[in-house]
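Colleague: Kindly generate the corresponding structure for this input.
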Amino acid sequence: MTKRLLATLFIWAVVALSNGSAFAQSWPEFPVDPENAHAFVRGPGGYLAWWKLLLLGITFLPWVALADWMNVDCQINFARTRINPFWWNPLVVGLFLLGFLAALFVPIFWVGWPFMMLAAYAPFAFYVTLRNNRMPSHMSILNKGHLSRKMKGPRNLVEGTAASEEGPAVQFAPGGDAKQAQVNLIRARQVANFQILKALFFDVVVSRADTVVAQRGSGGVQWRKRIDGVWHTLPAMDREIGDATVSGLKFLSNIDPTDRVAQPSGHFTIRTDAGPRRCETSISVQPNGENVQIRFIETKKPVLSLGELGMFPESVEKFKERLNAPGLIIVSAYPGAGLSTSWHSVLQATDRVTRDWVAIVDHDELETRTENIDVQRFDSRRNQNPIDVLRSILLKQPDAFVLPTISDAASLDAMTHQVLKEGRTVITRMPARSAAEALLRLLQIAEKRREFIQAVTAVTGQQIARRLCDQCKQPMPTTPEIIKQLGGDPANPPVIYKSYVKPEPPPVDKKGRPIELPPCKKCAGFGYYGRVGLIELIEVDEPIRLAMTQQPDVKTLSNLALNKRQQSALQQGYRHILAGTTSPAEIQRVFKESE
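Modeller: Now for the predicted structure:
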């Protein structure tokens, strides 16, 4: 934006010094022809009207400051105002240039100059009005409330007493030791437009995004955020503002902004009214720039029950029976489909009151921490594995084991021995596209396959879909054929919902002008809020064990489970459509992406 303003200033100077007609000055002195009163010669004093140049300069310079402020404020408050700087900036500059040309070429200066004033400052007045209508009252500007706040203490046009304090209330705890963290915070605050970085993280919290990616190239920085598993594009930043924002992000992450060779990673913490979040930053260098990814992790993420996760009641009861009986249980999920969340839910569903549970985890694994589960660690960096700590654990005579990862045959065979010979329960997890695939992937690891086939008793597989926002979802027309295809009762069809769609044509006021409907306060207009698991449960019985021995492939095992009325993840999705939890379009999206 600054470059565009400087270019405009250069054009203004060139035209002004080119003896444009608006600046030509003539002072009548002696008529050349007494019979023609309008004929005169130029008097002394030059050919540029300095007072007209002064008026145009007085108009132009404040406009530069206001246009720059509008550009920054647009990006800071985009999450609330939805005023996109990519179309707003050209509008502001274009109107000013139109007014400036009018001041130059309209023959009557006192007509052209007021038009320039109107073109320069009307967009600012319109922006302030639109901004205040979409912002909380305590963040409004140039009104009675703003005047009252200014009288209570010195504040600038945007909230805050200094540049680093402008924008939303977001606090940073940079990475590094205490001394380095303080240095990193000072460096980040000294970056130009630091408030834009604060606005970015505030938007992440407000919109519930879990990941943000910045693609940095020669033309600027393009940002995207992921909400409930779906990517959304944010307004792009020009090179000047984008580079400053990325540099501030690197300082916070304890990463050297000048390092263009390595692919470093770092972390920091942000604190808002919604609580603290750990931010993990990773950078990958590209031929034409770099990609910066920030993952936002809630430090106190609530643990969902199996029902809250999306499992239907009859499946919950069956699965709990398997969890609290001797056997090997496998928890799986499609990559990126919430395996960590389902892992927590499964551990929470175990009987940890009457049974002793021990978790055998690697040195840096943190996702298995659950009340009443004793955690014992091995160190894979020193070539250790679960068997190295198993012998000492067995002295305590536990009832059940939790292994987040089983990657070697020796560990898997040791766990199957505990199931078959000692009558213990073992729970592990495996990333996979389906429950049948997870079952076969562990089968391939096992050396004692016959024992593994006898030990395994249940496998879960999970896809994940967005939940419809319960405040703005809309009923959609259906037919008996659709209800039957979804597994419902055509004679007593339930209401099926879809995400909110703006009415077409839009409603109008009494004067026929379109009315802009405000977005839903809960989901911010996305139509979805939160996610639900589509969880399939395969109860391993003798026909499935026989198939694992004779014909171990995903299709065979899945068909056997379906023949025993064990529903697939897609059928679970259909049930959630009938329950009004999600929409047909969302289920179609999920399974199209997983193909």
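Colleague: show me the contacts for residue 232.
Modeller: 209, 224-226, 526 (Cβ atoms under 8 Å, 6 or more residues apart in numbering). C-betas here are computed from N, CA, C, even on glycine.
Colleague: let's see it at 10 Å
Modeller: Counting by Cβ atoms under 10 Å, 6 or more residues apart in numbering, residue 232 makes contact with 207, 209, 223-226, 526.
Colleague: And the buried ones among those residues, selectable in PyMOL?
Modeller: To isolate the buried subset of the contacts of residue 232 in PyMOL, counting by 16 or more other Cβ atoms under 10 Å, use the following:
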select buried, resi 207+209+223+225+226+526
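Colleague: For the contacts of residue 232, give me TSV that also has distance to residue 64.
Modeller: Below are the contacts of residue 232 laid out as TSV (distance: Cβ to Cβ, whole Å):
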residue	distance to residue 64
207	33
209	34
223	26
224	31
225	32
226	37
526	37
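Colleague: Looking at the contacts of residue 232, which are in helices?
Modeller: Among the contacts of residue 232, DSSP state H puts residue 207 in helices.
Colleague: any idea where the strands of the stretch 101-250 of the chain begin and end?
Modeller: For the stretch 101-250 of the chain, the strands defined by DSSP state E, counting those that start in this stretch occupy 171-173, 211-217, 220-227, 230-233.
Colleague: can you list these in CSV and add distance to residue 358?
Modeller: Below are the strands of the stretch 101-250 of the chain laid out as CSV (distance: least, Cβ to Cβ, whole Å):
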stretch, distance to residue 358
strand 171-173, 34
strand 211-217, 33
strand 220-227, 36
strand 230-233, 39
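Colleague: what's the average pLDDT for stretch 96-107?
Modeller: Taken as a whole, stretch 96-107 has an average pLDDT of 83.
Colleague: thought residue 217 was touching residue 242?
Modeller: Yes. Contact criterion Cβ atoms under 10 Å: residue 217 and residue 242 qualify, at 9.2 Å.
Colleague: Next one: residue 400 from residue 569, what distance?
Modeller: The gap separating residue 400 from residue 569 is 27 Å, by Cβ to Cβ, to the nearest Å.
Colleague: When these two are compared, which one has more neighbours?
Modeller: Per other Cβ atoms under 10 Å, whichever of residue 400 and residue 569 has more neighbours is residue 569, with 26 against 23.
Colleague: Tell me who's in contact with that one.
Modeller: By Cβ under 10 Å, 6+ apart, residue 569 lies in contact with 333-334, 337, 433-435, 460-465, 533-536, 587, 590-591, 594.
Colleague: Could I have the buried ones of these as ChimeraX selection syntax?
Modeller: This is how ChimeraX selects the buried members of these, with burial counted by 16+ other Cβ under 10 Å:
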select :333,334,337,433,434,435,460,461,462,463,464,465,533,534,535,536,587,590,591
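Colleague: So which of the contacts of residue 569 are in helices?
Modeller: Using DSSP H, the subset of these located in helices is 435, 587, 590-591.
Colleague: among these, which two are most distant?
Modeller: Greatest spacing in those, by Cβ to Cβ: 435 and 587 (18.0 Å).
Colleague: What residues of stretch 284-299 count as buried?
Modeller: The neighbour-count check on stretch 284-299 (16+ other Cβ under 10 Å) flags 289-290, 292-296 as buried.
Colleague: Also stretch 563-579?
Modeller: Counting neighbours by 16+ other Cβ under 10 Å, one finds that the buried residues in stretch 563-579 are 566-569, 572-578.
Colleague: Closest one of these to residue 266?
Modeller: Residue 266 lies nearest to residue 569 out of the buried residues of stretch 563-579, by Cβ to Cβ, at 36.4 Å.
Colleague: Quick one, which of the strands of the stretch 101-250 of the chain gets closest to residue 117.
Modeller: strand 220-227 (31.8 Å).
Colleague: tell me the mean pLDDT for the closest one?
Modeller: On average, the pLDDT along strand 220-227 is 90.
Colleague: Show me what that strand is packed up against.
Modeller: The contact analysis (3 or more Cβ pairs under 10 Å, 6 or more residues apart in numbering; DSSP states H and E) places strand 220-227 against helix 194-207, strand 211-217, strand 230-233, helix 239-252, strand 289-298, strand 528-539.
Colleague: Recalculate using a threshold of 6 Å.
Modeller: Using 3 or more Cβ pairs under 6 Å, 6 or more residues apart in numbering; DSSP states H and E, the elements in contact with strand 220-227 are strand 211-217, strand 230-233, helix 239-252.
Colleague: Any idea which of these gets closest to residue 113?
Modeller: With Cβ to Cβ, the closest approach to residue 113 among those belongs to helix 239-252: 31.5 Å.
Colleague: Just checking, which helix or strand succeeds the closest one along the chain?
Modeller: Using DSSP states H and E, the helix or strand that follows helix 239-252 towards the C-terminus is strand 265-272.
Colleague: Residues contacting that following strand, please?
Modeller: Contacts with strand 265-272, where a contact means Cβ atoms under 6 Å, 6 or more residues apart in numbering, come from 170-175, 201, 205, 252-255, 276-282.
Colleague: Need the pLDDT of residue 143.
Modeller: For residue 143, the pLDDT comes out at 67.
Colleague: Let me fix that, I meant to ask about residue 88.
Modeller: Note on residue 88: pLDDT of 80.
Colleague: again with residue 445
Modeller: In this prediction, residue 445 carries a pLDDT score of 90.
Colleague: same thing with the one 4 residues further on?
Modeller: According to the per-residue confidence, residue 449 scores 90 in pLDDT.
Colleague: Need the contact partners of the one helix or strand residue 341 maps to.
Modeller: Residue 341 is part of helix 339-348, with elements assigned from DSSP H and E. Contact with helix 339-348 is made by 303-304, 306, 309, 331, 333, 367, 370, 429, 462, as judged by Cβ under 6 Å, 6+ apart.
Colleague: Just want the angle from the strand or helix carrying residue 428 to helix 339-348.
Modeller: Element membership for residue 428 (DSSP H and E) is strand 425-431. If you take axes from the mean of the first three to the mean of the last three Cα atoms, to 10 degrees, strand 425-431 sits at 170 degrees to helix 339-348.
Colleague: list the helices and strands strand 425-431 packs on?
Modeller: Judged by 3+ Cβ pairs under 6 Å, 6+ apart, strand 425-431 is in contact with strand 327-333, strand 400-403, helix 435-445.
Colleague: can you do 7 Å?
Modeller: strand 327-333, helix 339-348, strand 400-403, helix 409-422, helix 435-445 (3 or more Cβ pairs under 7 Å, 6 or more residues apart in numbering; DSSP states H and E).
Colleague: who does it pair up with?
Modeller: Strand 425-431 sits in its sheet next to strand 327-333 (parallel), strand 400-403 (parallel), going by DSSP bridges.
Colleague: which residues are contacting that strand?
Modeller: Outside strand 425-431, the residues that touch it by Cβ atoms under 7 Å, 6 or more residues apart in numbering are 323, 325-333, 335, 339, 343, 346, 399-404, 406, 415, 418-419, 438, 441-442.
Colleague: So what pairs up with residue 462 in the strands?
Modeller: residue 535.
Colleague: shouldn't residue 439 be in contact with residue 459?
Modeller: Yes. Using Cβ atoms under 7 Å, residue 439 is in contact with residue 459, at 4.9 Å.
Colleague: Spit out the residues that contact those two alike.
Modeller: In contact with both residue 439 and residue 459: 330, 538, using Cβ under 7 Å, 6+ apart.
Colleague: got a pLDDT number for the nearest residue to residue 454 once chain neighbours are set aside?
Modeller: Closest residue in space to residue 454, ignoring its immediate chain neighbours: residue 420 at 6.2 Å, by Cβ to Cβ, 6 or more residues apart in numbering. The score at residue 420 is 92. That number is its pLDDT.
Colleague: Out of the ones in helices among the contacts of residue 569, the closest to residue 89 would be?
Modeller: Relative to residue 89, the closest of those is residue 590; by Cβ to Cβ it sits at 37.5 Å.
Colleague: That closest one and residue 246, how far apart?
Modeller: Distance, residue 590 to residue 246, by Cβ to Cβ: 32 Å.
Colleague: I am finished for the moment; much appreciated.
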